[in-house]
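Novice: my questions concern the predicted model and sequence given below.
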Amino acid sequence: MARGKQPARAKAPRTTVVTHTVGDFEAAFWPDEQPVDNAVVMTMGALHEGHAALVRAARKQVGRDGRVAVTVFVNPLQFGAGEDLERYPRSLDEDVRLAGEMGADVVFAPSAEEMYPNGEPLVRLSAGPMGAGFEGASRPGHFDGMLTVVAKLLHITDPDYAFFGEKDAQQLAIVRRMVADLDFDVEVVGVPTAREEDGLALSSRNRFLSDTERGQALALSKALFAGRDAGAQGAKAVRSAAADALDGASGVTLDYLALIDPDSFTEAPDDFRGEAVLAVAAKVGSTRLIDNVRIIVR
């Protein structure tokens, strides 16, 4: 169970502590028995402004006297055959600096051996039908691996609040459903996608894009914005506007473009009305990118 709250009190300037084992994390994150609000931001590292927004939101939620943990763990269970586990960027020193500047008290950066001391776990959580389509279809097993590590990290960090970015919309929906279905005592908070001034969604994978590819990647957000602008005309118009904006986009190999019911994370029917997620996934060069916007379909 989460450890509750306490009245505000004076506090010394914050120093971010880096830990690598569960025992060291618990000692650093819970240095005394005083109950306070606490929050966790789970990442795979290579932090950028999008992650910073999550940490800032977490700090605002728990206040100066609360505690904020940032986890940095490149989870091998989330990567399938041929995916970029070894290529995934790792920059722990810079991650710690950014997390600290944004208000984190503790960074938990375990090794794979610390998280999975008996090797790959024989028992894992399943994302079920919500994880079968879209990212789940393109990356079989990805969401099972994600849920398994999220569940472990929720047990380790014991937060009142867990913050996730809305850019990974399917992940956010599945984590929320896991928390509801399995009675985790935590509030899952979604934070809007952080973007560059030209609309490109911030991602750790953006660093793999050449200057030319970065320009080509703008086709994804432009398509989403076009679909959002067509929301008042119904679901068919949303799909058509987004597809037209992507048609012929140079350097972009489309995986999917979908209008999604956020409750079930299935394709929304043509007569759908209400809040929906318009999502896209594509390769730009050799780099796979995802993005989405939330829209009201009328």
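Specialist: That came through fine.
Novice: quick one: the helices in the stretch 151-298 of the chain?
Specialist: 169-181, 211-229, 235-246 (DSSP state H, counting those that start in this stretch).
Novice: right, and those - which one's nearest Ser286?
Specialist: Distances from Ser286 to each of those were compared by CB to CB, and the smallest falls on helix 211-229, at 8.8 Å. Every residue, glycine included, has its C-beta placed from N, CA and C.
Novice: what helices or strands is the closest one leaning on?
Specialist: Using 3 or more CB pairs under 8 Å, 6 or more residues apart in numbering; DSSP states H and E, the elements in contact with helix 211-229 are helix 235-246, strand 252-261, strand 274-284, strand 287-297.
Novice: for that helix, which outside residues touch it?
Specialist: Judged by CB atoms under 8 Å, 6 or more residues apart in numbering, the contacts made with helix 211-229 from elsewhere in the structure are 195, 198-201, 206, 209, 238-239, 241-246, 249-252, 257, 259, 278, 280, 282, 284-285, 287, 289, 291-293, 295.
Novice: so, low pLDDT: which residues of the stretch 151-298 of the chain?
Specialist: In the prediction, the stretch 151-298 of the chain carries no residues with pLDDT under 70.
Novice: tell me who's in contact with Glu101.
Specialist: Listed by CB under 8 Å, 6+ apart, the contact partners of Glu101 are Ala52.
Novice: separation between the spatially closest residue to Val284 that is not a sequence neighbour and Ile290?
Specialist: Leaving aside its sequence neighbours, Val284 sits nearest to Ala217 (CB to CB, 6 or more residues apart in numbering; 4.5 Å). Applying CB to CB, to the nearest Å, the value for Ala217 to Ile290 is 11 Å.
Novice: and these two? Which one has more around it.
Specialist: When Ala217 is set against Ile290 and neighbours are counted by other CB atoms under 10 Å, the residue ahead is Ala217, at 28 against 22.
Novice: from Leu172, how far out is the more buried one?
Specialist: From Ala217 across to Leu172, the span is 22 Å (CB to CB).
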